[in-house]
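Novice: What follows is a protein structure lacking sequence information:
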């Protein structure tokens, strides 16, 4: 079955964690527009997730909101069980949930460390594992997708760029890089593709305090050679491509969508 170019994810079930706001919201919208049935995970606030699900249904799509704390194994297993009971299987996981709890290294508490690692790294492991188990259980569906399953981790430019004052966050993303690559290596023979997206500065609530005045935005733009702050829709487009057969020969890579932040603009003019 060849899918229409405008609906490359038709007949596929996608789960997006942390999809009630920010990047996850934009990814869920993009996957739905590409034809996928979208499961919108949220942790605390049901209303934004339910509104997004209804907006997708109003446009003729199919969506479901499901609560789960991705740092808790029982919650993750309950969420995947609900998805499979509702739709029969899963084809795409976008493991997006992430948090920041910033502090100077000398002042950072072990609670701040564990909270960020728990969501940003352990949560990725738990969701990736459950998705892979379902892909293996179901087996290939070549009429729907060339890959048996697709996993997309939401990383950051900070899997590469050190970030003083955010060591728990940077450590979680650096760890995610090798988690993703190691899982991709292990699962490729099973027909499962695993990749990451590495956003740069994206206009979301998590970084509002870094851009909520004209001077702060001007300072932030100094780090972005392309000259603009990204939008969640920019990441959604990347997610659609990585989830589609157009990227079928791509696995084990982080695709950075960062406006050039990794070009180290501070070195323009010899630094």
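Specialist: Done, it's in. Because the structure is predicted, anything quoted here is derived from the model rather than measured.

Novice: Which secondary structure elements does the lengthiest strand in the chain sit against?
Specialist: Across the chain, the longest stretch assigned as strand under DSSP state E is strand 192-199. Applying 3 or more C-beta pairs under 8 Å, 6 or more residues apart in numbering; DSSP states H and E, we find strand 192-199 packed against helix 123-138, strand 149-154, helix 167-187, helix 232-243, strand 254-257. No exception for glycine: its C-beta is placed from N, CA and C like everyone else's.

Novice: now the angle between helix 232-243 and that strand, please.
Specialist: If you take axes from the mean of the first three to the mean of the last three C-alpha atoms, to 10 degrees, strand 192-199 sits at 160 degrees to helix 232-243.

Novice: any idea of the angle strand 192-199 forms with helix 167-187?
Specialist: Using the same axes, to 10 degrees, strand 192-199 lies at 160 degrees relative to helix 167-187.

Novice: what mean pLDDT does whichever helix or strand comes after strand 192-199 have?
Specialist: Toward the C-terminus, strand 192-199 is succeeded by helix 214-221 as the next helix or strand (DSSP states H and E). Confidence for helix 214-221, expressed as mean pLDDT, is 89.

Novice: which strands and helices sit next to helix 214-221?
Specialist: Using 3+ C-beta pairs under 8 Å, 6+ apart, helix 214-221 is in contact with no helix or strand.

Novice: distance between it and the chain's centre?
Specialist: 26 Å (C-alpha atoms, centre = their mean, to the nearest Å).

Novice: Now do the buried residues in that helix.
Specialist: 220, 221 (16 or more other C-beta atoms under 10 Å).

Novice: how about the closest residue to residue 260 other than its chain neighbours, phi and psi?
Specialist: Nearest in space to residue 260, with sequence neighbours left out and distances taken as C-beta to C-beta, 6 or more residues apart in numbering, is residue 225 at 3.6 Å. The phi/psi pair for residue 225 (degrees, to the nearest 10) reads phi -60, psi -30.

Novice: hang on, isn't residue 225 packed against residue 265?
Specialist: Yes - the pair residue 225 / residue 265 is scored as a contact, 5.0 Å apart, by C-beta atoms under 8 Å.

Novice: Overlap of the contact sets of those two?
Specialist: Applying C-beta atoms under 8 Å, 6 or more residues apart in numbering, one finds that no residue jointly contacts residue 225 and residue 265.

Novice: pLDDT below threshold where in the stretch 151-271 of the chain?
Specialist: 206-212 (pLDDT under 70).

Novice: thinking again about what came up before, got the angle between the longest strand of the chain and strand 149-154?
Specialist: Using the same axes, to 10 degrees: strand 192-199 against strand 149-154 is 20 degrees.

Novice: With adjacent residues omitted, what lies nearest to residue 7?
Specialist: Residue nearest to residue 7 in three dimensions, not counting chain neighbours: residue 35, with 3.4 Å by C-beta to C-beta, 6+ apart.

Novice: which ones are touching the residue nearest to residue 260?
Specialist: Residue 225 makes contact with 259, 260, 261, 263, 265, 268 under the criterion C-beta under 8 Å, 6+ apart.

Novice: Pull out the buried residues from those residues.
Specialist: Buried by 16+ other C-beta under 10 Å: 259, 261, 265, out of those.

Novice: can you list the weak-confidence ranges in the stretch 1-150 of the chain?
Specialist: 1-5.

Novice: make it 90
Specialist: 1-6 (pLDDT under 90).

Novice: ranges for the helices of it?
Specialist: Assigned by DSSP state H, counting those that start in this stretch, the helices in the stretch 1-150 of the chain fall at 22-33, 46-58, 73-87, 110-117, 123-138.

Novice: Quick check: buried residues in the last one?
Specialist: The neighbour-count check on helix 123-138 (16+ other C-beta under 10 Å) flags 123, 124, 125, 126, 127, 128, 129, 130, 131, 132, 134, 135 as buried.

Novice: if we can go back for a sec, tell me how far the residue nearest to residue 260 lies from residue 197.
Specialist: 19 Å (C-beta to C-beta, to the nearest Å).
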